[in-house]
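Asks: 3D model of this:
(2 chains)
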Number of protein chains: 2
Amino acid sequence: MRIVRTTAELRDHVRAVRADGGTVGLVPTMGALHAGHVSLVEAAAGRTTSTVVSLFVNPRQFGDAADLTNYPRTEAEDAARAGAAGADVLFAPGVDEVYPDGFVSEVRVSGPLTERLEGAHRGPEHFHGVTTVVAKLLNMVGPDVAFFGAKDAQQVLVVRRMVRDLDLPVEIVALPTVREPDGLALSSRNVRLSADDRARAVAIPRAIDAALALLAAGERDAAALLGAAAGPLADAGLTPEYVAIVDAATLAPRGTVDAPSLLALAVPVGPVRLIDNALLSPVPSDAPVPALSGAGSTGHAVPPTPEKG
Amino acid sequence: MRIVRTTAELRDHVRAVRADGGTVGLVPTMGALHAGHVSLVEAAAGRTTSTVVSLFVNPRQFGDAADLTNYPRTEAEDAARAGAAGADVLFAPGVDEVYPDGFVSEVRVSGPLTERLEGAHRGPEHFHGVTTVVAKLLNMVGPDVAFFGAKDAQQVLVVRRMVRDLDLPVEIVALPTVREPDGLALSSRNVRLSADDRARAVAIPRAIDAALALLAAGERDAAALLGAAAGPLADAGLTPEYVAIVDAATLAPRGTVDAPSLLALAVPVGPVRLIDNALLSPVPSDAPVPALSGAGSTGHAVPPTPEKG
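Replies: Numbers count the residues shown, from 1 in each chain, chains lettered A, B, ... in the order given. Sure thing, here's the model as predicted:
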């Protein structure tokens, strides 16, 4: 496991891999790697010759200074975990390497994809910060494939739109959200939950499960499904920033689940803001109704179907 | 000479060139190729294995609809001329190939580089349109080197800033402005000048020469140099949109030429808006003072020194 700090050194590595006929996968992360990241690294290592995990806590996508300050930083553990999962390079540039003196450029995706949900609540600069740094990382590394987690479903949609619009020569793969045995989506921010808050946070996957169960029972009315999701949150004393059912491709609000839709929510729990989502399919599937608090329900929140880039 | 319409076909070509150990040069154009473009194509063909000339009249960088409508379109002649100069591919995508349905992304360089001079007069969207399409072309083609003309000096600065900020893996080369025997900078728009307007347009290089002659005589005061440039324009009855002396790297206004500076001007001549520029070096050079109406003065307006990307 090699730790690389500069774009020049990284490109030397990528050039050598390509010269041998190899392929390169990128897993962009902000560090504090958990089993969700590990699943991305394993997928990358299974598909490409060399897997680069980038570790960069991007100041430009944090609207909240305290969230940036408190974001966990655990590089040595991250390197070990990424290496064990099959990565051969940890690319961990400093802020000065990523944003040199006089930096004034930006990559923007505009419209509903970046204005709704997280964009509405974290401010429009959030996704501009995401697309700028992801475009930079894709240009620095030049991977054949890049891997993202479906927990950040909106981010996946925004990144795919950017890649298509700007003709970035990379395939974007999204992989299912990985969850704790009680259903809580893995997040680097979970470590900041107190024991009591951690117990209450399970209301988030329960809210999703309640909506999925009602959907599986035949309900297609968004308001009814949202009503089902509201129950577990209220029971836990949690007030969501938003719980919404939107079109899974455009994020436009949907009154009826008669096309692939996304149930997305953001919920403050103690000092932490957690997000989660699930795909709502209008077509009944053969899959069993997810247990309301099923153990090890890794895949129960189905990720958006990957689009062709 | 092969004409290519799609990114997919273009990438097949580039992949084949690279598989043979070759390199790729890109000359982005809006067509209506003249000797200035030819000099870029020749330089590209001399440095790279395969030279791609792109031909795309980008609607997003025209603030003026009439200018877009009247922009000359001469694809067959362009293909012949580019081929004769050493290009092997003319990449001429349609607007739908470049801007697919639902296109909402943009690459922006903000601040003085895009707000001054052309940015102030053509509107801020002009350079956003330029950087977006240049980023797309660089991503579509993936060249090792891309070639631009120094006549669009501000564009060169903006593109270099974008390439550095977004880590685009390409070298940007700027080549000197090519001129008519009487000094008029070649431009695809020159064909729209009437005989009378064409005669008056020579006042533009004469204005530059007047400033350069005064600079060579030891004058460093920007107001004095601008005063010298104003004479030939007034004599020809031309009213410039702007004539400015700015820092050659930042485009900040300069009162004194005590650092590399750019004399830049935009002048409406009949139905056409022409631009031109010259580098003003604070250090006297050994070069002879340019003749005020020298014949064949190809290089008399010195391009900005290429920066390291």
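Asks: enumerate the residues of the stretch 101-250 of chain A near chain B.
Replies: Within the stretch 101-250 of chain A, the positions adjacent to chain B are A:102-111, A:113, A:131-132, A:135-136, A:139-140, A:142, A:161-162, A:164-169 by CB under 8 Å from any CB of the partner chain. C-betas here are computed from N, CA, C, even on glycine.
Asks: for whichever strand or helix holds A:Thr114, what is the average pLDDT?
Replies: A:Thr114 is part of helix A:112-115, with elements assigned from DSSP states H and E. Helix A:112-115 carries an average pLDDT of 97.
Asks: now do stretch A:148-164
Replies: Mean predicted confidence for stretch A:148-164 is 98.
Asks: what's the helix or strand bottoming out on mean pLDDT in chain A in contact with?
Replies: Every helix and strand in chain A was compared by mean pLDDT, DSSP states H and E; the lowest is helix A:65-70, with a mean of 87. Helix A:65-70 is contacted by residues A:57, A:59, A:62, A:192, A:271, A:273 when judged by CB atoms under 8 Å, 6 or more residues apart in numbering or on different chains.
Asks: could you redo the last one with a cut-off of 10 Å?
Replies: Defining contact as CB atoms under 10 Å, 6 or more residues apart in numbering or on different chains, one finds that helix A:65-70 is touched by A:57-62, A:64, A:122, A:189, A:192, A:271-273.
Asks: nearest residue to the residue nearest in space to the middle of chain A other than its sequence neighbours?
Replies: Chain A has A:Asp152 as the residue nearest its centroid, 2.8 Å off, counting by CA atoms, centre = their mean. With CB to CB, 6 or more residues apart in numbering or on different chains as the criterion, A:Asp152 has its nearest non-adjacent residue at 7.4 Å, and that residue is A:Ile275.
Asks: other SSEs contacting the helix or strand hosting the one you found?
Replies: If you go by DSSP H and E, A:Ile275 is part of strand A:272-280. With contacts defined as 3 or more CB pairs under 10 Å, 6 or more residues apart in numbering or on different chains; DSSP states H and E, the packing partners of strand A:272-280 are helix A:65-70, helix A:118-122, helix A:153-165, helix A:195-201, helix A:203-216, helix A:222-235, strand A:242-247, strand A:261-269.
Asks: can I get those in a markdown table with mean neighbour count?
Replies: Below are the helices and strands packed on strand A:272-280 laid out as a markdown table (neighbours: other CB atoms under 10 Å in any protein chain shown):
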| stretch | mean neighbour count |
| --- | --- |
| helix A:65-70 | 11 |
| helix A:118-122 | 20 |
| helix A:153-165 | 23 |
| helix A:195-201 | 16 |
| helix A:203-216 | 23 |
| helix A:222-235 | 17 |
| strand A:242-247 | 20 |
| strand A:261-269 | 23 |
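Asks: and A:Arg2, its phi and psi?
Replies: Note on A:Arg2: backbone dihedrals following degrees, to the nearest 10 are phi -110, psi 140.
Asks: mind listing what it touches?
Replies: Applying CB under 10 Å, 6+ apart, the residues near A:Arg2 are A:9-10, A:13, A:52, A:79, A:83, A:87-91.
Asks: so which elements touch the helix holding A:Thr114?
Replies: On a contact count with 3+ CB pairs under 10 Å, 6+ apart, helix A:112-115 meets helix A:118-122, helix A:125-141, helix A:153-165.
Asks: what sits up against it?
Replies: Contact partners of helix A:112-115, identified using CB under 10 Å, 6+ apart, comprise A:108-109, A:119-120, A:124-128, A:130-131, A:154-155, A:157-158, A:160-162, A:246-247, A:249-253, B:102, B:104-105.
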